[in-house]
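**Q** Below are the sequence and a predicted model; questions follow.
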Amino acid sequence: MKMKKICWITTGGTIASVNSAEGYVAANKGEVLYDLLGNMTKQYDIEVYDLFTMDSSNIQPEEWKDIAACVDERLDRYDGFVITHGTDTMAYTSSCLSFMLLNIKKPVVLTGSQLPLIHPLSDGLENMRLALAMASSECHGVFVAFNRKVILGTRAVKVRTTGFHAFESVNFPYIATVNSLGLDLHKEYLPNGDALYQYNDSLCTDVFLLKLIPGMNPKIFEMLIKLNIQGVVIEAFGIGGLSYIRRDFTQRIVELLDAGISVVVCSQCLYERSDFSVYEVGKKALEHGVIEAYDMTSEACVTKLMWILGQTKDPQKIKELFAKNYANEIKKIIKK
């Protein structure tokens with residue numbers, strides 16, 4: 001049986017880090033990491049490409065574009081892709097890649113570690129083993145492979161700072177898990193495999209994420225207008241709560257909309273959906289034209305809005321595109 005040809009793209013992160021006087025620093029190149037993998041490399045035809053070496057706190061939309069371009073340019077040459085990446089912003093990268101590499105027909109798997117690969121107790125070897133297995137599978141889409149679980153790229157959220165079980169699949173089943181049968185795949189949860197592949201890396205970075213707190217000064221919305229922000233994602237309370245006594249956020253949102261700024265509202269709660277039709281204040285917000293995020297993660301909301309704003313500035317078109325499900329990032333609730 002012919003070995004699967006895997007492109008391993010390195011971007012730095014903890015998995016590539018070494019100890020220094022200032023703490024862990026991403027420094028090791030792919031060649032060093034490859035040697036640390038040992039015998040597991042014999043099962044695959046792996047080619048390593050060092051894209052950059054950065055702490056993921058510094059990975060931003062410019063780097064997302066570089067990663068997406070790196071994958072797109074090599075699609076015809078490989079069966080799958082593994083991207084080693086720092087954990088702190090991995091969920092943002094996986095979400096944005098899901099949109100920029102829309103309907104990709106091969107597996108693109110992001111992974112990393114909580115301890116550097118050079119550490120004797122590192123979780124990096126296990127995560128790489130899982131990532132390579134997923135990248136050689138007959139699946140399609142963008143994924144995060146971590147701690148023996150594979151998560152859809154638009155559903156991954158980092159939930160722990162030090163524990164090896166660092167990522168959760170929020171409001172969506174795992175795509176695969178590891179058990180005594182090996183890699184247990186659930187292909188029924190994959191994105192639509194029939195749609196045409198589309199590469200589109202146009203992004204608008206003028207997007208702001210705002211988490212509401214009791215007593216917040218509504219004048220912050222005035223600053224967003226002055227900063228020429230194009231889109232705002234608001235993490236509201238519970239299923240869809242917004243302050244309107246003493247501090248009227250509903251009116252401030254109207255001012256954003258009147259200024260041509262698209263406003264997406266989601267829940268601060270990690271699990272389950274938002275539903276702004278439940279309470280009066282939420283209904284008011286919907287009436288004024290806010291976009292409801294339903295069960296999307298904040299990471300998916302932000303990156304999807306960036307991606308859509310990169311294509312159009314028409315508020316109605318933005319609303320229509322945001323409501324569309326592209327990579328199983330959203331499940332709309334049909335109200336009866």
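**A** Thanks, I have it. Residues are numbered from 1 along each chain as shown.
**Q** mind listing the helices in the chain by residue range?
**A** 30-37, 61-73, 90-100, 124-135, 220-226, 249-258, 280-287, 298-309, 315-323 (DSSP state H).
**Q** centroid residue for this protein?
**A** Geometric centre of the chain, nearest residue: residue 95, 2.6 Å, by C-alpha atoms, centre = their mean.
**Q** Let me know whether residue 85 touches residue 16 as I believe.
**A** No - the criterion here is C-beta atoms under 8 Å, and residue 85 misses it with residue 16 at 9.5 Å. Every residue, glycine included, has its C-beta placed from N, CA and C.
**Q** Can you pull out the low-pLDDT segments for the stretch 1-150 of the chain?
**A** 1, 20-24 (pLDDT under 70).
**Q** again, only using 50
**A** The model of the stretch 1-150 of the chain has no residue with pLDDT under 50.
**Q** Quick one: residues contacting residue 152.
**A** 98, 141-144, 169, 172, 175, 189-191, 327-328 (C-beta atoms under 8 Å, 6 or more residues apart in numbering).
**Q** same thing with residue 53?
**A** Applying C-beta under 8 Å, 6+ apart, the residues contacting residue 53 are 10, 11, 12, 16, 26, 27, 28, 29.
**Q** Mind doing that once more with 10 Å?
**A** Neighbour list for residue 53: 10, 11, 12, 13, 16, 17, 25, 26, 27, 28, 29, 30 [criterion: C-beta atoms under 10 Å, 6 or more residues apart in numbering].
**Q** cool, and residue 62?
**A** 203, 205.
**Q** measure it to residue 271 for me?
**A** For residue 62, the distance to residue 271 equals 32 Å [C-beta to C-beta, to the nearest Å].
**Q** follow-up on the earlier one: hey, what's in contact with both of residue 85 and residue 16?
**A** With C-beta under 10 Å, 6+ apart as the test, residue 85 and residue 16 both reach 10, 54, 112.
**Q** which residues sit in contact with the closest residue to residue 141 other than its chain neighbours?
**A** Closest residue in space to residue 141, ignoring its immediate chain neighbours: residue 191 at 5.1 Å, by C-beta to C-beta, 6 or more residues apart in numbering. Going by C-beta under 10 Å, 6+ apart, residue 191 touches 98, 102-104, 139-142, 152-154, 325-329.
**Q** Tell me how far residue 191 lies from residue 135.
**A** Using C-beta to C-beta, we find residue 191 at a distance of 16 Å from residue 135.
**Q** before we move on, the earlier item: among the contacts of residue 53, which lie within strands?
**A** 10, 11, 12, 17, 25, 26 (DSSP state E).
**Q** bridging residues for the third one?
**A** Using DSSP bridges, the beta-bridge partners of residue 12 come out as residue 54.
**Q** Next up, the contacts around it.
**A** Neighbours of residue 12 in contact, by C-beta under 10 Å, 6+ apart: 25-29, 50-56, 58-59, 63, 84-86, 112.
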